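**Student:** Any chance you could fold what I've pasted below:
(2 chains)
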Protein chains: 2
Amino acid sequence: MGIVSEREARLALGCVVEPGTPQVAEAVAEFGAEAVWESLLARGSQTVLARRAREFRAGPVAEAAAAAGARFVVPGDAEWPAGLGALDGCEPVNEMSGAPLGLWVRGGGDLAGLAARSVAIVGSRACTSYGETVATELAAELGEAGWSVVSGGAFGIDAAAHRGCLASRTPTVVVLAGGVDTAYPPAHAPLFERIAEQGVVVSELAPGQHPTRLRFLGRNRLIAALSQGTLLVEAAVRSGARNTVTWASSLGRVVMAVPGPVTSALSFTPHRLIRESEAVLVARAGEVLELLGPLGTRSVRPPVVRRPTDDLGPDELRVFEAVPARGSLSAGELSLRSGVALAGCLGILDRLADLGFVVQDARWEWRLPPRPRPPAG
Amino acid sequence: MGIVSEREARLALGCVVEPGTPQVAEAVAEFGAEAVWESLLARGSQTVLARRAREFRAGPVAEAAAAAGARFVVPGDAEWPAGLGALDGCEPVNEMSGAPLGLWVRGGGDLAGLAARSVAIVGSRACTSYGETVATELAAELGEAGWSVVSGGAFGIDAAAHRGCLASRTPTVVVLAGGVDTAYPPAHAPLFERIAEQGVVVSELAPGQHPTRLRFLGRNRLIAALSQGTLLVEAAVRSGARNTVTWASSLGRVVMAVPGPVTSALSFTPHRLIRESEAVLVARAGEVLELLGPLGTRSVRPPVVRRPTDDLGPDELRVFEAVPARGSLSAGELSLRSGVALAGCLGILDRLADLGFVVQDARWEWRLPPRPRPPAG
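**Tutor:** Below you'll find the predicted structure:
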């Protein structure tokens, strides 16, 4: 087949070599896709790769793409996500590396725009209802803040994250390990249709291709590279999601993990990553945004819990805290126990009585009001 | 009252000044307790402190101590815990600091011996059943490893930790904010009796004294100082247990926290401490021991999960992972997808077939066996 452009060469190469083959990515980066493709055809060898290259026909792929409504995006295109460049030259994971030759994209969203402000949320397929709830809610809150969710469309955490994002009316990005017209798992075909309406369905593989284990691993590197950071919600000791986290680390992206009950096997990997400082603990969408957003534009504040004593000055608080849980004490004793001089202590006790914190008894001693507050333990 | 020894002077001073008064601790460290006590009596002033010192009588305290079966332990005694020394000169918390003048101890255990190999487990009084379960189980596992639990005997996490330790037949240490004969909360009197049988009930305050808010804060510094590290199990945004953690940090002890569901308000403070690197995440007793035990004597290993593919070599695994989830491929195609040279690939496919990982179909192509394994996601 005669190749007339770099774009067509990338498309053709992507159809005959497996995703994440480092040698191909390196050769393309050095010589260009056209040259690599021509050399493959010129060899005349009987290797499977050469034979596949010779047998490649662009027509059927173009037809399948047209039927699926898929476009092919390559470096230099406006829709090419800037984050993918980091895949060239990063530490390989599972002997894979390299930016994709091109991406098949289906849907109404702009991939580059969505990816530029996105968080990958990944986790176990066999998640708990806790994990599902947390993934959905975090994704919805991130969506409300204008951040897209990138995930793999699998059962469990992936689907919950996509659905949470959709619920906030924010486009989401699903990256598949097969063609963008080939729903895997098949049960998620309707979900992928919904995603394509406003967001995008993305794959390195041409329409019609099916996922394999290696393709899942290659797909994981795209999830990590497309997003600004990867958030792990639930994962047992061994998990495919752990692979995405390794990619995010290798790419220097922010790695986050949601803790859970220590009694849950599905919190093992998040806890281990946090404990070993490979991931930052996040419990709320605000904490994710604090890590990913422009410096200083957001800050995480703990929920404010007001106590009646919050309005007391430091000396007033010390005197109040010296009042025993049961029984009463003289002002002199309270002065001693609180370390506040007696003169000041007398005025403070009167103010505390006005505010209802203490009462004076018949012997002029001070005690807590009839319904005592429990002492701080 | 005439004081005849440093021990009696410490006992008397401890009866008239509040725990954790830094000026007193400093004066005692510099001049000795006898000199401080004598100067207090000599002043002849009308301050509450001077009057209390003049009015102090050792007899009733000795009687109460005898009735309670309590001994008074001071620095230099074999039972004086070495860890308390760090309280002199450490960063003050809540304007308190200083080692205790002495400790009232009740029970059959040896305080110094127990404290030398102990973990403080603290947390919310209004804990969840999750927190209670985790505190009990961690304490029991630590107890089985020969480590005592130090805590404050409060409702919730404290009591769960003491009970877990007792369940492992290991003595536990409860540090009270009132006298060792004055159970607080009163409902825990039977628990404290059980603790006293093999372990110890400890307080800075003389028998008969009642807790106050400030005394709880002073007590927390003892929990942190007696133990090798402090483990926080559950605590809401504001919590007394947070104060113990601050003491442990200030003393340079190991601070640990147990994560929980992010949907639980009681996991807020543990998560925040972990997120801000003030505490190390621990999910298992082995992880606590790894942090506290002698270096290198213990290591944390993740639970081992075996998969059928664990015995495959790297090339075998790559070939196996190249086999599609559905459909079949030729050996040449699998060689290409796996990156394993065709000659090697043929032998590997035969071995994989022998092991039941793949089957060959009528067209000599390779596929997964009839009951396919789901691809890794």
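**Student:** got the domain boundaries for chain A?
**Tutor:** Domain ranges of chain A: A:1-56, A:69-292, A:308-367, per automatic domain parsing.
**Student:** which of these is buried the deepest?
**Tutor:** Ranked by mean neighbour count, those are led by domain A:69-292 with a mean of 23 (mean count of other C-beta atoms under 10 Å in any protein chain shown). All C-beta atoms are positioned from the backbone trio N, CA, C, and that covers glycine.
**Student:** mind putting the domains of chain A in a markdown table, distance to residue B:73 and mean pLDDT included?
**Tutor:** Shown next, in a markdown table, are those (distance: least, C-beta to C-beta, whole Å; pLDDT from 0 to 100):
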| stretch | distance to residue B:73 | mean pLDDT |
| --- | --- | --- |
| domain A:1-56 | 67 | 87 |
| domain A:69-292 | 36 | 95 |
| domain A:308-367 | 24 | 84 |
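**Student:** Quick check: which of those domains is nearest to residue B:185?
**Tutor:** For residue B:185, the closest of those is domain A:308-367, at 9.9 Å, according to C-beta to C-beta.
**Student:** now the end-to-end length of the closest one.
**Tutor:** Distance across domain A:308-367, first residue to last, is 17 Å (C-alpha to C-alpha, to the nearest Å).
**Student:** Then stretch A:100-117?
**Tutor:** 20 Å.
**Student:** gap between stretch A:83-95 and the chain center?
**Tutor:** 19 Å (C-alpha atoms, centre = their mean, to the nearest Å).
**Student:** anything in that stretch near chain B?
**Tutor:** Yes. Judged by C-beta under 8 Å from any C-beta of the partner chain, stretch A:83-95 comes into contact with chain B through residue A:95.
**Student:** for stretch A:38-45, same thing?
**Tutor:** No. Judged by C-beta under 8 Å from any C-beta, stretch A:38-45 stays clear of chain B, getting no closer than 12.0 Å.
**Student:** contacting residues for the residue in the stretch 1-150 of chain A that chain B sits nearest to?
**Tutor:** As assessed by C-beta to the nearest C-beta, chain B sits closest to residue A:48 within the stretch 1-150 of chain A, at 3.8 Å. When contacts are counted by C-beta atoms under 8 Å, 6 or more residues apart in numbering or on different chains, residue A:48 touches B:330, B:332-333, B:335-336, B:342.
**Student:** Identify those among those residues that sit within strands.
**Tutor:** Among the contacts of residue A:48, no member falls in strands (DSSP state E).
**Student:** From those residues, list the ones also adjacent to chain A.
**Tutor:** Answer for these near chain A (C-beta under 8 Å from any C-beta): B:330, B:332-333, B:335-336, B:342.
**Student:** quick one: which of these is nearest chain A?
**Tutor:** residue B:332 (3.8 Å).
**Student:** I figured that closest one hits residue B:340, correct?
**Tutor:** No. When contacts are counted by C-beta atoms under 8 Å, residue B:332 is not listed as touching residue B:340 (11.3 Å).
**Student:** Flag every residue of the stretch 51-200 of chain A that's near chain B.
**Tutor:** A:51-52, A:95, A:125, A:130, A:133-134, A:152, A:154-155, A:158, A:177, A:184.
**Student:** Reformat these into CSV and put distance to residue A:102 and secondary structure next to each item.
**Tutor:** As requested, these are exported to CSV (distance: C-beta to C-beta, whole Å; DSSP: H, G, I helix; E, B strand; the rest coil):
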residue, distance to residue A:102, secondary structure
A:51, 22, helix
A:52, 17, helix
A:95, 22, coil
A:125, 28, coil
A:130, 39, helix
A:133, 37, helix
A:134, 35, helix
A:152, 19, coil
A:154, 24, coil
A:155, 28, coil
A:158, 24, helix
A:177, 16, coil
A:184, 20, coil
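**Student:** now the residues you listed as JSON lines including distance to residue B:290?
**Tutor:** Formatted as JSON lines, those follow (distance: C-beta to C-beta, whole Å):
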{"residue": "A:51", "distance to residue B:290": "55"}
{"residue": "A:52", "distance to residue B:290": "52"}
{"residue": "A:95", "distance to residue B:290": "32"}
{"residue": "A:125", "distance to residue B:290": "31"}
{"residue": "A:130", "distance to residue B:290": "27"}
{"residue": "A:133", "distance to residue B:290": "32"}
{"residue": "A:134", "distance to residue B:290": "28"}
{"residue": "A:152", "distance to residue B:290": "34"}
{"residue": "A:154", "distance to residue B:290": "34"}
{"residue": "A:155", "distance to residue B:290": "35"}
{"residue": "A:158", "distance to residue B:290": "33"}
{"residue": "A:177", "distance to residue B:290": "38"}
{"residue": "A:184", "distance to residue B:290": "41"}
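**Student:** right, and out of those, which lies closest to residue A:81?
**Tutor:** residue A:152 (16.1 Å).
**Student:** Leaving out chain neighbours, which residue sits closest to the closest one?
**Tutor:** Taking C-beta to C-beta, 6 or more residues apart in numbering or on different chains, and ignoring the residues beside it in sequence, residue A:152 has residue A:158 as its nearest neighbour in space, at 4.8 Å.
**Student:** need the strands for the stretch 151-300 of chain A, in chain order.
**Tutor:** Along the stretch 151-300 of chain A, counting by DSSP state E, counting those that start in this stretch, strands occupy A:173-176, A:200-203, A:229-232, A:254-257, A:280-281.
**Student:** among the domains of chain A, which is nearest residue B:264?
**Tutor:** domain A:69-292 (8.9 Å).
**Student:** how long is that closest one end to end?
**Tutor:** 33 Å.
**Student:** about what we covered before: got a list of what the residue nearest to residue A:152 touches?
**Tutor:** A:121-123, A:125, A:151-152, A:174, B:377.
**Student:** change it to 10 Å
**Tutor:** Contact analysis of residue A:158 by C-beta atoms under 10 Å, 6 or more residues apart in numbering or on different chains lists A:120-125, A:127, A:135, A:149-152, A:174-175, A:188, A:191, A:223, A:233, A:240-241, B:377.
**Student:** Kindly report the same for residue A:90.
**Tutor:** A:97-99, A:221, A:224-225, A:247, A:249-252.
**Student:** repeat that for 6 Å
**Tutor:** Counting by C-beta atoms under 6 Å, 6 or more residues apart in numbering or on different chains, residue A:90 touches A:250-251.
**Student:** By proximity to chain B, which residue of the stretch 101-250 of chain A wins?
**Tutor:** residue A:213 (3.5 Å).
**Student:** That residue: what's its closest spatial neighbour, skipping adjacent residues?
**Tutor:** Nearest to residue A:213 is residue B:321, by C-beta to C-beta, 6+ apart, at 3.5 Å.
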